[in-house]
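Q: Sequence plus the predicted model coming up.
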Amino acid sequence: MPEARNGRQERVMTRSRSDNWRKPPRRIESSECITCDMCVRNCPEEFGAIFDRGLDVIIIPELCSGCPACVLVCPVDCIYVDADWSPTGNDMWTHIELTLEGTK
């Protein structure tokens, strides 16, 4: 699994999606989300695309492969395909980097 983590780390460092991923990323509709964190706990470690940010749970499109793991466990069906995703802002990347530093 270290190879997968290195891929994730590289995506965080470059702030870009893998060119190999064919599916679009997912997104969480915050107005429907109950913040149960099931998606956070079930996102595969090699992607680690879902983060808690205060009262919001956010999927980072650059880290999301589009796999259905989070969709399958969401009790309120608030996770959707995000074909028109836009790049993640610097504030969230800073949050991600600080979160990752705290887990070392």
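A: Yes, it's here. Residues are numbered from 1 along each chain as shown.
Q: Go ahead and flag the most central residue of this protein.
A: residue 49 (2.0 Å; C-alpha atoms, centre = their mean).
Q: Quick one: mean pLDDT over stretch 39-51.
A: Summarised as a single mean, pLDDT over stretch 39-51 is 96.
Q: Can you list the buried residues in it?
A: Buried residues in stretch 39-51, counted by 16 or more other C-beta atoms under 10 Å: 39, 40, 43, 46, 47, 48, 49, 50, 51. C-beta here means a position set from N, CA and C on the backbone, and glycine is covered the same way.
Q: which one of those sits closest to residue 74?
A: Closest approach to residue 74 among the buried residues of stretch 39-51 (C-beta to C-beta): residue 39, at 5.8 Å.
Q: so which helix or strand takes in the closest one?
A: Using DSSP states H and E, residue 39 falls within helix 38-42.
Q: The residue nearest to the centre of the chain is in contact with residue 57, isn't it?
A: No: checked against C-beta atoms under 8 Å, the pair residue 49 and residue 57 is beyond contact range at 11.0 Å.
Q: what's the distance between the residue nearest to the centre of the chain and residue 75?
A: Applying C-beta to C-beta, to the nearest Å, the value for residue 49 to residue 75 is 19 Å.
Q: where does the closest residue to residue 39 other than its chain neighbours land on pLDDT?
A: Nearest in space to residue 39, with sequence neighbours left out and distances taken as C-beta to C-beta, 6 or more residues apart in numbering, is residue 70 at 3.8 Å. Among the per-residue scores, residue 70 holds a pLDDT of 98.
Q: Assign residue 70 to one of the three secondary structure states.
A: helix (DSSP: H, G, I helix; E, B strand; the rest coil).
Q: Could you give the number of residues near it?
A: 24 (other C-beta atoms under 10 Å).
Q: in this structure, what secondary structure element scores lowest on mean pLDDT?
A: helix 2-14 (a mean of 79; mean pLDDT, DSSP states H and E).
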